[in-house]
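>>> here you go, sequence then predicted model.
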Amino acid sequence: MRRSWLRALLWAAALLVLLLAGGLWLLVQGVDRGAVMARAAQEVKAATGRDFAVDGRVHLSLWPRLALVAEGVRLGNTPWGSRPDMARIEQLRLDIALAPLLERRVEIGSIEIRGADVLLETNADGRGNWSFTRPAPAEQKPPTEPGAASPIRVTLARLTAQDSRLTWRSGTSGHTETLDIDALSLDRHPDPARAPDAWRLETDAGWRERKIHAEGGVGVERDAQTGARSIPLDLDLRMEGVTASVDGRVGLGEAAGQAQLKVQADIQATAALAAMLRVPLPIPVPAKVSGDLALRPRQIQVDNFELQTQGQAVAGGIVWDRTITPPALQLALHSDGLDLARLYPAHRAGAPAPDVKGDARVFPDTPFPAVKLPRLSIQADLRSERLVLPNGLELGAVRLRGASLPDRIELSQLDFGLARGSFNLSGRWQQPEGAAPRVNAQLKARGVAMDALLALMRREAVLSGGRTEFDGQLSASGNSPHRLAASLSGEVRMRMGEASSTVRRGGGVPGELVSALLHALTPLRGAEDNFKVLCAAARLPVKAGRIDVDRSIAVDGERVSVVMSGLIDLAGERVDLGMQPTVKKGTGLDPTAFAGVVKIAGPLAAPQVQVNLAGTAREAVTIGAAVATSGATLIGERLLGKVTDPRPCESAYSGSAKTSAAAQPAGAKKGGGFPRPLRGLFER
């Protein structure tokens with residue numbers, strides 16, 4: 001009896017399974033696959049205005065879910081597109097719900113895509129092929145039955161894609177980019193507070209041979225007032241060495257190509273990111289980057305940009321504009337303090353270079369590397385309250401404004417604080433086609449402490465104080481340092497206020513210009529001389545690399561003044577200068593206590609200082625007479641003239657101390673080269 005009951009139960013279960021299978025088979029067979037795909041093509045055509053076709057077979061699949069599978073699916077491109085199809089799909093699987101089949105309706109719950117090839121492109125006017133134009137609706141016939149429903153309904157809950165590719169092509173530049181999608185899934189967002197069209201996205205993709213993982217929320221929203229549609233998104237991104245978040249919205253329809261995004265990135269390594277962007281990224285890591293991006297057709301604007309690294313920060317705004325010709329990059333950045341020596345320790349200056357001796361050149365004739373400026377306009381406005389250069393030099397209150405254009409670099413303003421003073425520079429570098437580069441520069445400095453400036457130049461602290469101002473205007477042309485120096489023209493002026501000095505005498509002669517000048521000013525011959533410098537001035541006119549010094553360098557001490565004359569030849573890299581100390585009246589000093597005429601001569605890289613230590617005032621006059629006898633009197637007039645200038649600094653700075661042509665004897669030589677009188681004076 002028990003076996004009969006069990007046998008009856010098994011037969012009933014088998015019969016039920018057969019009935020269910022048969023019913024399912026009948027339902028499936030009742031689905032007109034051709035009608036479903038034809039209806040799908042009509043719906044796509046109505047929504048996009050594009051052709052939709054299936055070139056392969058269409059069949060039903062029962063495992064793992066009931067689904068309609070189509071192979072060789074195509075979506076047509078816009079008429080101006082670069083290829084006939086905007087999208088090609090190897091296999092499209094549409095999951096079908098069973099219950100609606102009882103009402104002879106097809107309801108699609110999820111879509112699976114495999115082997116898709118999607119092309120997004122623009123034309124020369126910037127219009128995208130994703131801007132669909134719906135055809136004008138035809139006159140509708142009333143349904144045969146009131147309230148009849150559409151035979152196909154899409155209630156999409158999930159979309160997946162595998163082994164697919166998304167290609168972007170610019171119609172203006174022809175540039176293309178490809179995103180390889182290994183896997184992508186879109187699911188209805190589980191948060192009920194989200195909009196009905198909110199989705200959860202997760203994808204693994206590759207761009208420029210680098211892997212990217214993205215996950216987060218996306219959706220579709222419509223503005224209640226304007227009707228404009230957009231995609232809100234909140235994504236987290238990961239790639240090698242970088243994690244980032246993107247929050248904002250991307251426009252659709254008429255607003256396609258526009259976006260408002262807030263981006264934050266944490267960078268632990270830059271190699272993969274630099275390879276992906278195809279630009280070097282000299283950013284010390286770890287670093288944090290953030291900013292508000294406004295994307296418009298052919299324009300990117302970044303507001304509230306901030307870069308933090310090594311405890312330092314740079315903030316401001318960036319604009320990349322391709323609506324103009326040439327394209328323009330605008331940078332407006334500022335920092336409270338930036339220590340480049342700390343950020344780039346490998347670029348710190350090493351040990352001081354050894355003293356240059358012999359025939360070494362200051363301006364080598366090695367050609368500059370070829371410079372090819374980018375074919376775009378770069379406008380920069382940069383500020384930093386404190387800037388430490390890689391070599392350790394510290395600048396204060398730095399402000400740089402300039403531009404790089406395809407044929408030149410313009411520096412309209414470079415202000416900075418240095419040596420307790422302020423500097424202002426401006427200039428231009430220009431590369432004419434087929435010609436050598438041309439450079440011009442202007443310099444203005446005020447309130448510079450000479451002792452601090454000499455300390456920065458690693459000179460011995462021989463001065464205290466000495467507020468100084470500089471003015472200069474120079475121009476040159478050449479494709480090597482030597483040719484630039486040989487063509488240098490313009491003028492440099494310097495004026496220094498009161499300072500004090502202590503000169504410690506050694507066993508030899510001072511070996512550089514500043515020490516030699518102070519040596520000539522010392523009224524005593526002790527081991528250590530203290531004195532006051534009332535002023536110093538220089539006016540250096542330059543013409544074709546030649547600086548003629550005609551009593552245009554002067555130092556006025558409390559009891560002694562010094563003026564200099566001679567020549568600095570930048571082209572020949574030679575210097576020949578002479579200076580003569582003059583005792584002021586009423587000081588009670590013995591002129592015989594001073595060094596005589598000081599000569600600074602030799603190669604520019606290592607000039608030698610020679611002092612007539614045994615000289616007296618009477619001997620100096622004798623030397624001057626001997627020079628005059630040989631007909632070489634110009635430097636004799638310049639250095640050993642009997643007229644004492646009560647204001648040597650003012651005369652040197654203004655140029656009024658020049659030896660006039662009328663005062664020169666008839667035998668004085670005119671023309672180029674080094675003046676023979678100086679050679680006659682010092683090379684006896």
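Thanks, I have it.
>>> list the contacts of the nearest residue to residue 207 once chain neighbours are set aside.
The shortest distance from residue 207 to any non-neighbouring residue, by CB to CB, 6 or more residues apart in numbering, is to residue 179 (5.3 Å). Yep, even glycine has a C-beta here, placed from its N, CA and C like the rest. Applying CB atoms under 8 Å, 6 or more residues apart in numbering to residue 179 gives the contacts 165, 166, 167, 168, 205, 206, 207.
>>> and residue 280, that's in a strand?
No: using DSSP: H, G, I helix; E, B strand; the rest coil, the secondary structure at residue 280 is coil, not a strand.
>>> ok, residue 266 - how many residues close by?
By other CB atoms under 10 Å, the residues close to residue 266 number 15.
>>> in what helix or strand does it lie?
Residue 266 belongs to strand 259-267 when elements are defined using DSSP states H and E.
>>> beyond that strand, next helix or strand please.
On the C-terminal side of strand 259-267, the closest following helix or strand by DSSP H and E is helix 271-277.
>>> residue 241 reaches residue 274, doesn't it?
No: applying CB atoms under 8 Å, one finds residue 241 not in contact with residue 274, separated by 9.7 Å.
>>> what sits opposite the residue nearest to residue 207 in the beta ladder?
Following DSSP bridges, residue 179 is listed with bridge partners residue 166, residue 207.
>>> which helix or strand in this structure has the lowest average pLDDT?
Of all helical and strand segments in the chain, the minimum by mean pLDDT, DSSP states H and E falls on helix 617-629, at a mean of 36.
>>> so which residues of the stretch 451-600 of the chain form helices?
481-487, 513-521 (DSSP state H, counting those that start in this stretch).
>>> by mean pLDDT, show me the worst of the ones you listed.
Note on the helices of the stretch 451-600 of the chain: helix 513-521 shows the lowest mean pLDDT, a mean of 58.
>>> and stretch 559-579, what's buried?
559-570, 572-573, 575-579 (16 or more other CB atoms under 10 Å).
>>> CA atoms only for that stretch, dumped as CSV, please.
Taking C-alpha atoms only, stretch 559-579 is exported to CSV below (Å, rounded to 0.1, in the frame of the first residue of the first chain):
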residue,chain,number,x,y,z
ARG,A,559,89.0,109.7,2.9
VAL,A,560,89.9,108.1,-0.4
SER,A,561,88.0,107.8,-3.8
VAL,A,562,88.8,105.4,-6.6
VAL,A,563,87.8,105.6,-10.3
MET,A,564,88.3,102.9,-13.0
SER,A,565,88.9,103.0,-16.7
GLY,A,566,89.7,100.4,-19.4
LEU,A,567,87.9,97.7,-21.4
ILE,A,568,86.0,94.5,-20.9
ASP,A,569,85.9,92.5,-24.1
LEU,A,570,83.2,89.9,-23.9
ALA,A,571,83.8,88.6,-27.4
GLY,A,572,87.5,88.1,-26.8
GLU,A,573,86.9,87.2,-23.2
ARG,A,574,89.6,89.6,-22.0
VAL,A,575,89.6,92.3,-19.3
ASP,A,576,92.0,95.2,-18.9
LEU,A,577,91.1,97.7,-16.2
GLY,A,578,93.1,100.2,-14.3
MET,A,579,92.1,102.1,-11.1
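>>> which parts of this structure are helices?
For the chain, helices defined by DSSP state H occupy the ranges 2-30, 33-48, 271-277, 340-343, 450-456, 481-487, 513-521, 617-629, 634-640, 648-654, 676-682.
>>> state the mean pLDDT of the third one.
When pLDDT is averaged over helix 271-277, the result is 88.
>>> so what touches that helix?
Against helix 271-277 from outside (CB under 8 Å, 6+ apart): 207, 208, 209, 210, 239, 240, 241, 242, 267, 280, 281.
>>> rerun at 6 Å
Contacts to helix 271-277, defined as CB atoms under 6 Å, 6 or more residues apart in numbering, come from residues 208, 210, 239, 240, 241, 242, 280, 281.
>>> ok, the residue nearest to residue 114 when sequence neighbours are not counted - how many residues close by?
Of all residues not flanking residue 114 in the chain, residue 91 sits nearest, at 4.5 Å (CB to CB, 6+ apart). By other CB under 10 Å, 17 other residues sit near residue 91.
>>> still on that earlier bit, out of the contacts of residue 179, what pair is the most spread apart?
Within the contacts of residue 179, 168 and 206 form the most distant pair, 14.4 Å apart (CB to CB).
>>> from residue 576, how far off is residue 224?
85 Å (CB to CB, to the nearest Å).
>>> can you give me the strands in the stretch 301-450 of the chain?
For the stretch 301-450 of the chain, the strands defined by DSSP state E, counting those that start in this stretch cover 312-321, 328-335, 338-339, 377-388, 394-405, 408-418, 421-430, 438-449.
>>> how close does residue 206 sit to residue 260?
From residue 206 to residue 260 the distance is 27 Å (CB to CB).
>>> what pLDDT is listed against the closest residue to residue 52 other than its chain neighbours?
With sequence-adjacent residues excluded and distances taken as CB to CB, 6+ apart, residue 52 is closest to residue 44, at 3.9 Å. pLDDT for residue 44: 76.
>>> mind listing what the residue lying closest to residue 402 once chain neighbours are set aside touches?
Using CB to CB, 6+ apart and skipping the chain neighbours, the partner closest in space to residue 402 is residue 411 (4.4 Å). Counting by CB under 6 Å, 6+ apart, residue 411 makes contact with 402, 426, 427.
>>> contact partners for the second one?
Going back to what we said before, that points to residue 426. Residue 426 touches 411, 412, 442, counting by CB under 6 Å, 6+ apart.
>>> I'd like those written out as CSV, with pLDDT and distance to residue 420 added.
Shown next, in CSV, are the contacts of residue 426 (pLDDT from 0 to 100; distance: CB to CB, whole Å):
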residue, pLDDT, distance to residue 420
411, 97, 24
412, 97, 25
442, 98, 22
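>>> how about those in a markdown table, adding distance to residue 215?
Shown next, in a markdown table, are the contacts of residue 426 (distance: CB to CB, whole Å):
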| residue | distance to residue 215 |
| --- | --- |
| 411 | 47 |
| 412 | 47 |
| 442 | 56 |
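>>> any idea how far residue 107 is from residue 157?
11 Å.
>>> ok, the two, which is more surrounded?
Remark: of residue 107 and residue 157, residue 107 carries more neighbours, 16 against 13, as counted by other CB under 10 Å.
>>> isn't that one right up against residue 97?
Yes: Residue 107 sits in contact with residue 97 when judged by CB atoms under 6 Å, with a separation of 4.4 Å.
>>> correct me, but residue 51 touches residue 77?
No: using CB under 6 Å, residue 51 makes no contact with residue 77, being 9.3 Å away.
>>> so for the two, which residue has more residues nearby?
Counted by other CB under 10 Å, residue 51 and residue 77 do not tie: residue 77 has more neighbours, with 18 against 15.
>>> pLDDT score for residue 410?
Residue 410 is given a pLDDT of 97.
>>> alright, that wraps it up for me.
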